[in-house]
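Participant: let me see the structure of the following:
(chains A and B)
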Protein chains: 2
Amino acid sequence: MADKYICIDIGGTKILGAIVDEKDNIICEVKKKTKAHKGLEVVEERLLGVIEELLEKSQVPKEEIAAIGAGAPGVINKDTGEIIYSPNLPWKNYNIKKIIEGKLGIPFVVGNDANVGIMGEWKYGAAINKKNVVGIFVGTGIGGGLIVDDKLFTGANHLAGELGHMVINPEGPYCNCGQRGCLESYAGKVAMTREIKNQIKRGRESILKDLMDMESSVISSKPLKEAIEEKDALAVEVLDKAIYYLAAGTGSLINIFNPEMVVLGGGVIESLGCYIMPILKEYIKKFILPGMLEGTEIVESALGDHSIIYGALALAKEIK
Amino acid sequence: MADKYICIDIGGTKILGAIVDEKDNIICEVKKKTKAHKGLEVVEERLLGVIEELLEKSQVPKEEIAAIGAGAPGVINKDTGEIIYSPNLPWKNYNIKKIIEGKLGIPFVVGNDANVGIMGEWKYGAAINKKNVVGIFVGTGIGGGLIVDDKLFTGANHLAGELGHMVINPEGPYCNCGQRGCLESYAGKVAMTREIKNQIKRGRESILKDLMDMESSVISSKPLKEAIEEKDALAVEVLDKAIYYLAAGTGSLINIFNPEMVVLGGGVIESLGCYIMPILKEYIKKFILPGMLEGTEIVESALGDHSIIYGALALAKEIK
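Facilitator: Predicted coordinates for the structure are as follows:
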């Protein structure tokens, strides 16, 4: 009986796959590097490799897989399965659904990673039974997903939810997207790394000088966490500034959506959530209208790095 | 046969009422000052006065009125008819629906004015047949309304759509709401007036010195329009800055909602739309992600100062 699902988180650096059984338990996981720089065919091969390895390792016969769900970065038409454009994957106007279904004969669905992440939190995580939810995922950049009136909201062209590209200050720093002063350009890991490296170059003392890879444009969560735990003044200052701008963006979103819940997730929150969340909640008060906070819970992701896996499960169940 | 509607735009300074016939034509209009400073009972009386005068003037028998719809500023529970809080009216936790229905025996419905305004544009104006629409109304302040997946979106506590209180710069000027750097604090008429008066105080030459009431905290649209038409340098500069920030806010909303259409309305757009819109559309390009603009039309309100009247008609038809 086809009552199990394959769920895949296709990231720019790694592909994480899982088989989920009929009781929504993950019974097997496989992780592979994406090798995005090697091009379209290699990534496709590695994706198929993850699926094969999952089936092999778990000994689940292919016939028991009802559907495959996935999340990937970029602009994705969830209905057709086309990856229209992805900043971190070598896929453009690429119908991954047709390819996977053609090769495996199993129904396949894919959505934008942050959209799929908030689906996971909504169906299986922090936001169960909520009708209106804003999801903000802070990692290298900042992604977003919106549950509006009990449905994933994707807008006119599958582009809605680019919460990292709200303008927080039109005179602010340039963002990777070309705009100035996006939320992402203040509060994502790339922004924090730029600030840390600038300050160190200017002679600022910090234990991050030894802890982090000074060549990389994105600090890993581990050294950032270590520096915060050691109360390193530079790390505390940079993170505090990021939280302040994150609060401005979150406050705006609360004023716009009046959501029942805001879920914060992503790598930065996962590793530093218990440090960030109380400060964030305090700062948010500066940026919302009177009465707005009463109806809105602000919580940390409950599924951590499995939001996308569970969101992919929710998508897969929709199409099976 | 009850096939006509009374539609009311309850503003902080005036109450505009209309009777709309079975073919959606306005057959009679009445306007009265709100006299909000005179308190709850007076406003209630004046509202009832507008309704009475409409019936009298039009000679339409009360029995032919199927329902009354209205829009009013503030936080309003459309389902119960309660005005929870209004910045410009002396009503707080005030169930206007019960009062009107009790006195007249005609079904009554009221919503937030900007929400009702976008309803009007969506059902009868610029956004007919669109499923996802963002409405931005620029007047004394900035109001907003959202049509999401073919429905008016009001959020968890009837507070959604406060688009004027998106944070455009956390270090920006203080807004009436207590926040800093709201869109409204940059691009509403109060903001423009503050800027004009400051500059004139500092000795800046401008024909506005003679045209406008220098004691008032809100410039009228007429002198502003005249000064723009005369190419007064101060007026052009102040309006340009307002348009720039309005573009930043509109761009953010496009990145968030990926709407089919953005409708701009309100007093400022009504009087200066043909000047503002081309500049706004140009500036917006700075603030949106690649590809975002393709699916989104940016247009001026089609109903002008009758958006709320027609939105009230749409609301009234929903409950009749």
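
Participant: so which bits of the stretch 51-200 of chain A are right by chain B?
Facilitator: Contact residues (CB under 8 Å from any CB of the partner chain) of the stretch 51-200 of chain A with chain B: A:75, A:84-85, A:131-132, A:144, A:146, A:148-149, A:151, A:153-163, A:165-171, A:177-180. To be clear about C-beta, it is placed using only N, CA and C from the backbone, and glycine gets the same treatment.

Participant: any regions of chain A where pLDDT drops low?
Facilitator: Along chain A, the model assigns pLDDT under 70 to no residue.

Participant: show me the domain layout of it.
Facilitator: A:4-118+A:306-319, A:129-301 (automatic domain parsing).

Participant: next, format these as JSON lines and append mean neighbour count.
Facilitator: Below are the domains of chain A laid out as JSON lines (neighbours: other CB atoms under 10 Å in any protein chain shown):
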{"stretch": "domain A:4-118+A:306-319", "mean neighbour count": "20"}
{"stretch": "domain A:129-301", "mean neighbour count": "21"}
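
Participant: put together a markdown table for these, with distance to residue B:228 on each row.
Facilitator: Formatted as a markdown table, the domains of chain A follow (distance: least, CB to CB, whole Å):
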| stretch | distance to residue B:228 |
| --- | --- |
| domain A:4-118+A:306-319 | 39 |
| domain A:129-301 | 22 |
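
Participant: for those domains, which one sits closest to residue B:248?
Facilitator: Nearest to residue B:248, of all those, is domain A:129-301, at 4.4 Å by CB to CB.

Participant: wait, does the lengthiest helix in chain A contact chain B?
Facilitator: Longest helix in chain A by number of residues, with DSSP state H as the criterion: helix A:233-257. Yes: applying CB under 8 Å from any CB, one finds that helix A:233-257 is in contact with chain B at A:244-245, A:248-249, A:251-253, A:255-257.

Participant: residue A:298 belongs to a strand?
Facilitator: Yes: the assignment for residue A:298 (DSSP: H, G, I helix; E, B strand; the rest coil) places it in a strand.

Participant: skipping its backbone neighbours, what lies nearest it in space?
Facilitator: Leaving aside its chain neighbours, residue A:298 sits nearest to residue A:262 (4.8 Å; criterion: CB to CB, 6 or more residues apart in numbering or on different chains).

Participant: thought the one you found was touching residue A:254?
Facilitator: Yes: here residue A:262 reaches residue A:254: they are 6.7 Å apart, a contact under CB atoms under 8 Å.

Participant: where do the contact lists of these two overlap?
Facilitator: Shared contacts of residue A:262 and residue A:254 (CB atoms under 8 Å, 6 or more residues apart in numbering or on different chains): A:134, A:296.

Participant: ok, back up a step: pull the most distant pair out of the residues of helix A:233-257 next to chain B.
Facilitator: A:244 and A:257 (20.7 Å).

Participant: give the contact list for residue A:1.
Facilitator: residue A:64.

Participant: state the distance from it to chain B.
Facilitator: Computed as CB to the nearest CB, to the nearest Å, the residue A:1 to chain B distance reads 35 Å.

Participant: please apply the same query to residue A:150.
Facilitator: Counting by CB to the nearest CB, the gap from residue A:150 to chain B is 10 Å.

Participant: how about residue A:319?
Facilitator: The value you get for residue A:319 to chain B, if CB to the nearest CB is used, is 20 Å.

Participant: also residue A:94?
Facilitator: Taken as CB to the nearest CB, the span from residue A:94 to chain B is 16 Å.

Participant: doesn't that residue lie inside a helix?
Facilitator: No: under three-state DSSP, residue A:94 sits outside any helix and is assigned strand.

Participant: quick check: closest non-adjacent residue to it.
Facilitator: residue A:83 (4.8 Å).

Participant: let me know the helix or strand that that neighbour is in.
Facilitator: Using DSSP states H and E, residue A:83 sits in strand A:82-85.

Participant: show me what that strand is packed against.
Facilitator: Judged by 3 or more CB pairs under 8 Å, 6 or more residues apart in numbering or on different chains; DSSP states H and E, strand A:82-85 is in contact with strand A:75-77, strand A:92-95, helix A:96-104.

Participant: can you tell me what sits against it?
Facilitator: Strand A:82-85 is contacted by residues A:72, A:74-77, A:89, A:91-97, A:110, A:158, B:291 when judged by CB under 8 Å, 6+ apart.

Participant: between these, which is nearest residue A:21?
Facilitator: Nearest to residue A:21 among the contacts of strand A:82-85 is residue A:110, at 21.5 Å by CB to CB.

Participant: need the three-state assignment for that closest one.
Facilitator: strand.

Participant: how close does it get to chain B?
Facilitator: To chain B, residue A:110 is 18 Å away according to CB to the nearest CB.

Participant: ok, the closest residue to that residue other than its chain neighbours to residue A:111 distance?
Facilitator: Nearest residue to residue A:110 in three dimensions, chain neighbours excluded: residue A:70, at 4.3 Å (CB to CB, 6+ apart). Distance from residue A:70 to residue A:111, counting by CB to CB, to the nearest Å: 8 Å.

Participant: do the same with residue A:298
Facilitator: 24 Å.

Participant: gap between the residue sitting furthest away from the middle of chain A and chain B?
Facilitator: Within chain A, residue A:203 marks the point farthest from the mean C-alpha position, 33.9 Å out by CA atoms, centre = their mean. Distance of residue A:203 to chain B, computed by CB to the nearest CB: 26 Å.

Participant: can you pull out the strands in the stretch 151-300 of chain A?
Facilitator: Under the criterion DSSP state E, counting those that start in this stretch, the stretch 151-300 of chain A contains strands at A:151-152, A:261-265, A:297-300.

Participant: and the first one, which strands flank it?
Facilitator: The one in question is strand A:151-152. Note on strand A:151-152: by DSSP bridges, its sheet partners are strand A:142-148 (antiparallel).

Participant: try the last one
Facilitator: Strands that pair with strand A:297-300, judged by DSSP bridges, come out as strand A:261-265 (parallel).

Participant: check which helices and strands the helix or strand where residue A:6 lies sits against.
Facilitator: Taking DSSP H and E as the criterion, residue A:6 maps to strand A:4-10. Packing partners of strand A:4-10 (3+ CB pairs under 8 Å, 6+ apart): strand A:14-20, helix A:40-58, strand A:65-72, helix A:307-319.
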